[in-house]
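Chemist: Have a look at this fold, sequence not included:
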């Protein structure tokens, strides 16, 4: 049976997710008009003198339309408490082991992760792979 609600556009979906510090990974449209979404929540794992350092944590969401090709609600957008706790420890470990490039005042070579600044000006830790020396 077809949905009576208009489908949410991908642009509207990305904009709604961005407002909640979420990055779209994938989505599936359901017959009732809702969407099952896999996203990364930008979680502020650690704050230094330059502001928060965000870590992308996976979340599974349910999105409901508002009847006008837009998002009415987003449910379950918080990361698991254990994942949030682990993210803090992970960032500390990266810093302690000098595996994070882009830290102010430090030049690290051959790191596994880097700090990127997104369009909102948030500093997000991203994996960059291994460098051989």
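Modeler: Perfect, I can see it now. This is a predicted model, so every value here is computed, not measured. Numbers count the residues shown, from 1 in each chain.

Chemist: Give the rounded mean pLDDT of stretch 80-96.
Modeler: Averaged over stretch 80-96, pLDDT sits at 91.

Chemist: should've said stretch 100-117
Modeler: Stretch 100-117 comes out at a mean pLDDT of 80.

Chemist: Which positions in it come out as buried?
Modeler: Within stretch 100-117, the residues that qualify as buried are 100-103, 108, 111, 113-115, counting by 16 or more other CB atoms under 10 Å. In short, each C-beta sits where N, CA and C put it, glycine included.

Chemist: Give me the subset of these that lies in strands.
Modeler: Using DSSP state E, 100-101, 113-115 are the members of the buried residues of stretch 100-117 that sit in strands.

Chemist: measure residue 71 to residue 28 for me?
Modeler: 15 Å (CB to CB, to the nearest Å).

Chemist: Buried residues in the lengthiest helix in the chain, which are they?
Modeler: Looking across the chain with DSSP state H, the single longest helix is helix 81-96. For helix 81-96, a neighbour-count test (16+ other CB under 10 Å) marks 83-84, 87, 90-91, 94-95 as buried.

Chemist: Counting by contacts, list what that helix packs against.
Modeler: strand 35-48, strand 51-65 (3 or more CB pairs under 8 Å, 6 or more residues apart in numbering; DSSP states H and E).

Chemist: Now do that helix against strand 51-65: the angle between them, please.
Modeler: Helix 81-96 and strand 51-65 are oriented at 150 degrees to each other (axes from the mean of the first three to the mean of the last three CA atoms, to 10 degrees).

Chemist: All set, thanks.
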